[in-house]
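**Q** fold the following.
(2 chains)
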Number of protein chains: 2
Amino acid sequence: MREKKTDGLGFVETQSVVLCHEGLPLDSGETLGPITVAYETYGTLSEKRDNVILVCHALSGGAHAAGWHEGARKPGWWDCMIGPGKGFDTDKYFVLCSNNLGGCYGTTGPSSIDPATGKPYGLSFPVVTIRDMVNLQARLLDHLEIPSVLTVTGGSMGGMLALQWGVAYPERVRSTIVIAASHEHSPQQIAFNEVARQAIMADPAWNHGDYYGTEGPRLGLGVARMVGHITYLSDSGMQRKFGRRLQDRERYGYDFSQDFEVESYLRHQGQSFVERFDANSLLYLSKALDYFDLTQGFPSLTEAFERARGPYLLIAFSSDWLYAPEQVKTIAKAIRRAGGDATYYEISSDYGHDAFLLDYARQEPLVRPFLARVYEAAEGKHAGANAQ
Amino acid sequence: MREKKTDGLGFVETQSVVLCHEGLPLDSGETLGPITVAYETYGTLSEKRDNVILVCHALSGGAHAAGWHEGARKPGWWDCMIGPGKGFDTDKYFVLCSNNLGGCYGTTGPSSIDPATGKPYGLSFPVVTIRDMVNLQARLLDHLEIPSVLTVTGGSMGGMLALQWGVAYPERVRSTIVIAASHEHSPQQIAFNEVARQAIMADPAWNHGDYYGTEGPRLGLGVARMVGHITYLSDSGMQRKFGRRLQDRERYGYDFSQDFEVESYLRHQGQSFVERFDANSLLYLSKALDYFDLTQGFPSLTEAFERARGPYLLIAFSSDWLYAPEQVKTIAKAIRRAGGDATYYEISSDYGHDAFLLDYARQEPLVRPFLARVYEAAEGKHAGANAQ
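**A** Numbers count the residues shown, from 1 in each chain, chains lettered A, B, ... in the order given. Now for the predicted structure:
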């Protein structure tokens, strides 16, 4: 398998389609349309159209989950997990990933042109939710004539979309793999997002979201990403990676340039993010995260899962303090209380929250047999596979 | 005792003295002087001058540790611990607290007037270290004719000053109480400070530190404080205090004003900090924290403590993830390895790092007998009390 991996998917291309010409009704009460959706697919759709893995991306991800774009220096964000012989094996499964509503990688978001004005939406873009994003993905499945997916999966925000899928469209989801996510944003998670938003909005170059055609809030967005990035790493991982090592100097500089490797690393992360991400999209996507609460409309989390079907695989990482193991375990317990089938794994890792993007060697052995079991059940006894 | 507490210290006043007319040599190699030092004292100095408790403040604290200033809405920052009948009992002890070098509450810092130019120092103020701050405190003790202190104590940055005291001036310290501090700043702690600094410096109103006489970097400083404040609270404490409760609205607003109580609270914390703190001081003090490394000049932490004398009381809080119990425990172990007397307590609390300012009811019973023991040893057999 590992030999196959070096081949990988090779070059891939993002496709796009315009949907919701008559408008997508949003949680806010507004209606948005038409909506362009960017997506990529890897592998081959089976004749029965029953081998679809819907991959949902995290905050700063996009449709480009795997393979290479022409001229790119890096492959897609989950290339370590998606490809021939990999965890999500494209020799067997048809993997679909779409950019989320509100994003900036091809799907309609605040940086897109509003057809009504011919100008970028900016803050006139409606605030969207995880549920809105999932509803748009369902429209994409309709367009692709995919009645249901073998599994829906994702880490971080992607995990929240996966959770929302099972509750919103139980009949279209045969199984769910949730990695490093929570069923509702905690006050600490909201707090970090609020700091990121305030950092962006404090930058005069943000200009109330009307900055397209200018450099935009580069400094504010950089700070926002720096604070986010700290929450993606673990304390122990940072100790291992940086310690108190100095960057390009032998002794303290006694100034405010930069002394420590960790400072240099964070500044670099902030700056490179500015080159690739839209500040308004960060506002919208972070707000969607904060609004996420799977229990909305239900008396309890357990009752939210009563409609859900098919087995759940839930994965947490020991050193992830942003979406801590305890939060993932809470989801597993609620699914079981609702009579569902939930398998929970805590992977020991010092990568922190970022582990879901990095620690493929330990995710693969969990994902692969889970998928095989669901797929065989689907092939063998289609009707039965839908029952809990 | 609790009855006495309601009386408290009443009104207190900050005093100040100008020291180091010939300059204080700093770790950076620069020399700074004259230096104004603001300080407060509570209780009565004994005839033997042997009942002094030197209290060191945290990042945003000052000399006003206890009692009330005329017209103030709050008492000093550690009023719960200092006063007649309290943990640091002013009926028995003479408590001294001075504003740290680089601060903005009366001791010379970047917002002070540089006598050489007649203008505020701004960024021409030299970068100072925890050791520089302690050296200045030693000059203050000289001025007050206090040969040694019964105990030196503090939480957070104050705890680092206390640690530095024992290593730098072992002959002047009879005991040490360190609360929620570490012997060196970890990469995660540095990272959060760097985000705060970048938030300030990203604000155009910061103007390279030359903003005195203007409004200054209000937005940047607010963001800096917000991120700091998150690190002072625990996830569980935030759950208890805020949960996902909305602020002044019944349902999500689908906008970027504010939805959640925790957002409102953080913004308020940021804004009120801006009214009371100097942005450049935050840069300088956070840099001093990041530079702090007690092992500097020693082969190991254990060897750093070989010169230290007198018993140590070390207190950590279970939910403090900024200066986590493990870090405090590391200090206790090193002291013991060096042959010293270290007592370590972990207080179960969901207040996070802020617990050292709030959870007096559980700190008092640890501090009081420790102080009594040291004081009696000092009274009974002065020479012996200095020996380990």
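**Q** where is the longest strand in chain A?
**A** Looking across chain A with DSSP state E, the single longest strand is strand A:35-42.
**Q** now the helices for the stretch 1-150 of chain A?
**A** If DSSP state H, counting those that start in this stretch is used as the criterion, the helices of the stretch 1-150 of chain A fall at A:2-7, A:130-143.
**Q** part of a helix, is residue A:367?
**A** Yes. The secondary structure assignment for residue A:367 places it in a helix, going by DSSP: H, G, I helix; E, B strand; the rest coil.
**Q** format the helices of the stretch 1-150 of chain A as TSV; extra columns: mean neighbour count, distance to chain B and mean pLDDT.
**A** (Each C-beta comes from the backbone N, C-alpha and C, glycine too.) Conversion of those to TSV gives the following (neighbours: other Cβ atoms under 10 Å in any protein chain shown; distance: least, Cβ to the nearest Cβ, whole Å; pLDDT from 0 to 100):
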stretch	mean neighbour count	distance to chain B	mean pLDDT
helix A:2-7	10	32	47
helix A:130-143	21	11	98
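**Q** so can I have JSON lines of those helices showing distance to residue B:338?
**A** Putting those into JSON lines (distance: least, Cβ to Cβ, whole Å) gives the following:
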{"stretch": "helix A:2-7", "distance to residue B:338": "50"}
{"stretch": "helix A:130-143", "distance to residue B:338": "54"}
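**Q** hang on, the earlier thing: mind exporting the longest strand of chain A as PDB, just the C-alpha atoms?
**A** The C-alpha coordinates for strand A:35-42 follow below in PDB (Å, rounded to 0.1, in the frame of the first residue of the first chain):
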ATOM      1  CA  ILE A  35     -24.400  29.900  -5.700                       C
ATOM      2  CA  THR A  36     -21.300  28.600  -7.400                       C
ATOM      3  CA  VAL A  37     -19.900  25.500  -5.800                       C
ATOM      4  CA  ALA A  38     -16.300  24.400  -6.300                       C
ATOM      5  CA  TYR A  39     -15.600  20.700  -5.800                       C
ATOM      6  CA  GLU A  40     -13.100  18.000  -6.600                       C
ATOM      7  CA  THR A  41     -13.500  14.300  -7.000                       C
ATOM      8  CA  TYR A  42     -11.000  11.500  -6.800                       C
END
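**Q** where does the stretch 201-350 of chain A come near chain B, residue by residue?
**A** Taking Cβ under 8 Å from any Cβ of the partner chain as the measure of proximity, the stretch 201-350 of chain A contacts chain B at A:201-204, A:219-220, A:222-223, A:226-227, A:230, A:233, A:235, A:238-239, A:241-244, A:252, A:254-256, A:258-263, A:266-267, A:270, A:283, A:287, A:290-291, A:293, A:321, A:324.
**Q** rerun that using 7 Å as the cut-off
**A** A:202-204, A:219-220, A:223, A:226-227, A:230, A:235, A:238-239, A:242-244, A:252, A:254-256, A:260, A:262-263, A:266, A:283, A:287, A:290-291, A:293 (Cβ under 7 Å from any Cβ of the partner chain).
**Q** among the residues you listed, name the buried ones.
**A** Of the members of these, the ones counted as buried by neighbours, 16 or more other Cβ atoms under 10 Å in any protein chain shown, are A:202-203, A:219-220, A:223, A:226-227, A:230, A:235, A:238, A:242, A:244, A:252, A:254, A:256, A:260, A:262-263, A:266, A:283, A:287, A:290-291, A:293.
**Q** please narrow the residues of the stretch 201-350 of chain A next to chain B to those residing in helices.
**A** Using DSSP state H, A:202, A:219-220, A:223, A:226-227, A:230, A:235, A:238-239, A:262-263, A:266, A:283, A:287, A:290-291 are the members of those that sit in helices.
**Q** which parts of chain A are strands?
**A** Remark: strands assigned in chain A by DSSP E are A:15-19, A:24-25, A:31-32, A:35-42, A:52-56, A:82-83, A:88-89, A:94-98, A:113-114, A:119-120, A:151-155, A:176-179, A:312-317, A:342-347.
**Q** for the second one, packing partners?
**A** The contact analysis (3 or more Cβ pairs under 7 Å, 6 or more residues apart in numbering or on different chains; DSSP states H and E) places strand A:24-25 against strand A:31-32, helix A:130-143.
**Q** same question for that strand, mean pLDDT?
**A** Averaging the model's pLDDT scores along strand A:24-25 yields 98.
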